[in-house]
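**Student:** let's see this in three dimensions:
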Amino acid sequence: MQNKKIASELAIGIIIILALVVGGMFWLQGKKEQIPEQKTPVAQSPTPQTQQQNQQFQKNNPSDISEWKLVSGNPDDTCSSPTWTGNVTVRGWYVYDTSYADKEWLFAVSKDDQAKLPLQLKFGNGNSINEKLKIVDANPELVAQLKKATQDNPIPVEVKKYTAYCEGVPVVSTQSDEAASWQTYTNAKYGFEFKYPADGKAEVKGDVITFEKAMIENENKDTFTLSLISKAGEEVMIDAKKNENDNKACLEKAACDQVSDIKGMTSGNITGSYVLSAGLCANEEVRMFVPEKDLELVFFSNCSKWDMKEIIKTFKFTN
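**Tutor:** Residues are numbered from 1 along each chain as shown. Next up is the predicted model:
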């Protein structure tokens, strides 16, 4: 009788264990069904609507966009920086971005408007390259409006120029001629002038002028300097020849990434050179030699985001 009781209790125990095992299997299966399948983000094919919107922009450089790629910053990597001009309105708001080395305000584009912009690429995390843009010529009024705007209440911004870079976010302008909204620096003593971005500020200390703009309020400054060197015309001509030889040696040693003559770059026939140093954080230097004015001018930018070439294009003598 006792043996029968033990056998009965064992049978009940086995049944309970089997029920728990089977129930657990069903529970695990149910949890698996609740987990959504993870899909690797892929580039979206442009829709007819997107293609029509993108036709509002015209590409300004001859390289094939299919060859353009985002790169890590390795000096051995090569890529182009395609630019489009056109006219499209996108909605958005300002966000304080800290994901890059330079903390700055960026224009967050409403998701529905990101496809209106020319380049349709995605980063590794699946976000569109057009999720955030840098507006280079936002005036104080527009800046104030963008900072008050929100994701739920964005404001429209008219984009007329769009440039994609190998690193960082695309750069846009609200004017097709970016320099049209720039300030003008005038030097009455030596009789010349040039333009520089509207958000910059000039500080004069003797014959050295420092141009700076705040990356973000009360934080890092982005600067370039102009040094005015007064010397006899004969010495200026000697220095011009020496500069030419120095630039050749710089290229031969691979210490320079680019050297070019500025004659076709400025509005006048000014002798000088533009030098871009090699490396991830490139220095830019522009030297002008003006023997008839007993003057040398040296523009220098250290790892700056100022567009030195565009600034030099606006340089001209006024007398």
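**Student:** mind listing what's buried in stretch 136-156?
**Tutor:** V136, D137, A138, L142, L146, A149, P154 (16 or more other CB atoms under 10 Å). C-beta here means a position set from N, CA and C on the backbone, and glycine is covered the same way.
**Student:** and the contacts of that stretch?
**Tutor:** 89-94, 105, 107-108, 110, 135, 157, 171-175, 178, 181-182, 197-199 (CB atoms under 8 Å, 6 or more residues apart in numbering).
**Student:** isn't there a strand covering V159?
**Tutor:** Yes - counting by DSSP: H, G, I helix; E, B strand; the rest coil, V159 is part of a strand.
**Student:** which residue is the nearest non-sequential neighbour of it?
**Tutor:** Excluding the flanking residues, the one nearest V159 by CB to CB, 6 or more residues apart in numbering is V172, at 4.8 Å.
**Student:** partner strands of the stretch of helix or strand the one you found belongs to, parallel or antiparallel?
**Tutor:** Assigned by DSSP states H and E, V172 belongs to strand 171-173. The sheet places strand 171-173 alongside strand 132-135 (parallel), strand 155-163 (antiparallel), with pairing taken from DSSP bridges.
**Student:** contacting residues around that strand?
**Tutor:** With CB under 8 Å, 6+ apart as the criterion, strand 171-173 contacts F107, L133, K134, I135, V136, D137, V159, K160, K161, Y162, T163, Y165.
**Student:** one more: stretch 233-248?
**Tutor:** 231, 256, 259, 271-273, 275, 287, 289-292, 294-296.
**Student:** of those residues, which belong to strands?
**Tutor:** Judged by DSSP state E, strands contain the following of the contacts of stretch 233-248: C256, V259, T271, G272, S273, V275, R287, F289, V290, L295, E296.
**Student:** any chance of these in JSON lines with neighbour count and distance to K189 as columns?
**Tutor:** Listed next are the ones in strands among the contacts of stretch 233-248 as JSON lines, based on neighbours: other CB atoms under 10 Å; distance: CB to CB, whole Å:
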{"residue": "C256", "neighbour count": "20", "distance to K189": "32"}
{"residue": "V259", "neighbour count": "16", "distance to K189": "30"}
{"residue": "T271", "neighbour count": "18", "distance to K189": "20"}
{"residue": "G272", "neighbour count": "23", "distance to K189": "19"}
{"residue": "S273", "neighbour count": "20", "distance to K189": "24"}
{"residue": "V275", "neighbour count": "22", "distance to K189": "26"}
{"residue": "R287", "neighbour count": "23", "distance to K189": "19"}
{"residue": "F289", "neighbour count": "22", "distance to K189": "18"}
{"residue": "V290", "neighbour count": "19", "distance to K189": "13"}
{"residue": "L295", "neighbour count": "20", "distance to K189": "10"}
{"residue": "E296", "neighbour count": "21", "distance to K189": "14"}
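**Student:** so, low pLDDT: which residues of the stretch 201-319 of the chain?
**Tutor:** Across the stretch 201-319 of the chain, residues meeting the criterion (pLDDT under 70) sit at 214-220, 267, 278-281.
**Student:** re earlier: any idea which of the buried residues of stretch 136-156 is closest to C250?
**Tutor:** Using CB to CB, V136 comes nearest to C250 of the buried residues of stretch 136-156, at 29.4 Å.
**Student:** read off the pLDDT value for that closest one.
**Tutor:** pLDDT for V136: 81.
**Student:** surely K134 meets V169?
**Tutor:** Yes - under the criterion of CB atoms under 8 Å, K134 makes contact with V169 at 5.5 Å.
**Student:** for the closest residue to D294 other than its chain neighbours, grab the count of nearby residues.
**Tutor:** Closest residue to D294 apart from its sequence neighbours, by CB to CB, 6+ apart: G233 at 5.3 Å. Applying other CB atoms under 10 Å, we find 14 residues neighbouring G233.
**Student:** phi, psi for G233 please.
**Tutor:** Backbone torsions of G233, given as degrees, to the nearest 10, read phi -60, psi -40.
**Student:** what does K242 give?
**Tutor:** phi -60, psi -40.
**Student:** circling back: what's the neighbour count on the residue nearest to V159?
**Tutor:** Other residues lying near V172 total 27 when counted by other CB under 10 Å.
**Student:** just Y185 next, same as before
**Tutor:** 19.
**Student:** pretty sure it is in a strand, no?
**Tutor:** Yes - counting by three-state DSSP, Y185 is found in a strand.
**Student:** tell me the spacing between the residue nearest to I135 when sequence neighbours are not counted and L119.
**Tutor:** Ranked by CB to CB, 6+ apart and with sequence neighbours excluded, the top spatial neighbour of I135 is F107, at 5.2 Å. Taking CB to CB, to the nearest Å as the measure, F107 falls 15 Å from L119.
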